[in-house]
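Participant: Sequence and computational prediction follow.
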Amino acid sequence: MAERALVTKSGAVLLGDNVACDAFDPTRPLRVVTHAHADHLGGLRRSVKCCEKVLMTKATRDLAEILNGSLKLRVEPVQCLEYDKVFKYGDELITLKKPTTF
């Protein structure tokens, strides 16, 4: 398993061996969308076509659909996760954490 997070030129944050966050990366089977800001939705259409799973919360999905009206996100491979629920992929675990407020 990779020891560090790497950021690609496209802005994808690569985590572990399988996860790309907030941008598409063709080498990663999983895409995580952390939230629905335009700079975190890069390559989402391609991710839906190419990734095994695209993970996000329901709220993020709903907002991403509004921002990308023609993009359908209520289909496979999109999977909505609740905060603090674990998604397992091989030996890697992914948990979406609720943002903290100050």
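Facilitator: Ah, there it is.
Participant: so who does the residue positioned nearest the centre of the chain touch?
Facilitator: Closest to where the C-alpha atoms of the chain average out (Cα atoms, centre = their mean) is V32, at 1.4 Å. If you count contacts by Cβ atoms under 8 Å, 6 or more residues apart in numbering, V32 has them with L15, V19, A20, C21, D22, V54, L55, M56, I94, L96. Using the backbone N, CA and C atoms, a C-beta is placed for each residue, glycine as well.
Participant: so how far is stretch 81-93 off the chain centroid?
Facilitator: Put simply, stretch 81-93 sits 12 Å off its chain's centre (Cα atoms, centre = their mean, to the nearest Å).
Participant: Start and end of it, how far apart?
Facilitator: Start and end residues of stretch 81-93 are separated by 13 Å (Cα to Cα, to the nearest Å).
Participant: list the buried ones in that stretch?
Facilitator: L81, Y89 (16 or more other Cβ atoms under 10 Å).
Participant: can you pull the pLDDT of A5?
Facilitator: Listed pLDDT for A5 reads 81.
Participant: Over to P99?
Facilitator: Value for P99, per-residue pLDDT: 84.
Participant: isn't S10 right up against A23?
Facilitator: Yes: between S10 and A23 a contact is recorded at 4.7 Å, counting by Cβ atoms under 8 Å.
Participant: Between the two, tell me which one has more neighbours.
Facilitator: A23 (23 against 13; other Cβ atoms under 10 Å).
Participant: Need the contact partners of stretch 87-102.
Facilitator: By Cβ under 8 Å, 6+ apart, stretch 87-102 touches 1, 16-19, 29-30, 32, 34, 53, 55-57, 79, 81-86.
Participant: if we go to 6 Å?
Facilitator: With Cβ atoms under 6 Å, 6 or more residues apart in numbering as the test, stretch 87-102 has contacts from G16, N18, L30, L81, Y83, V86.
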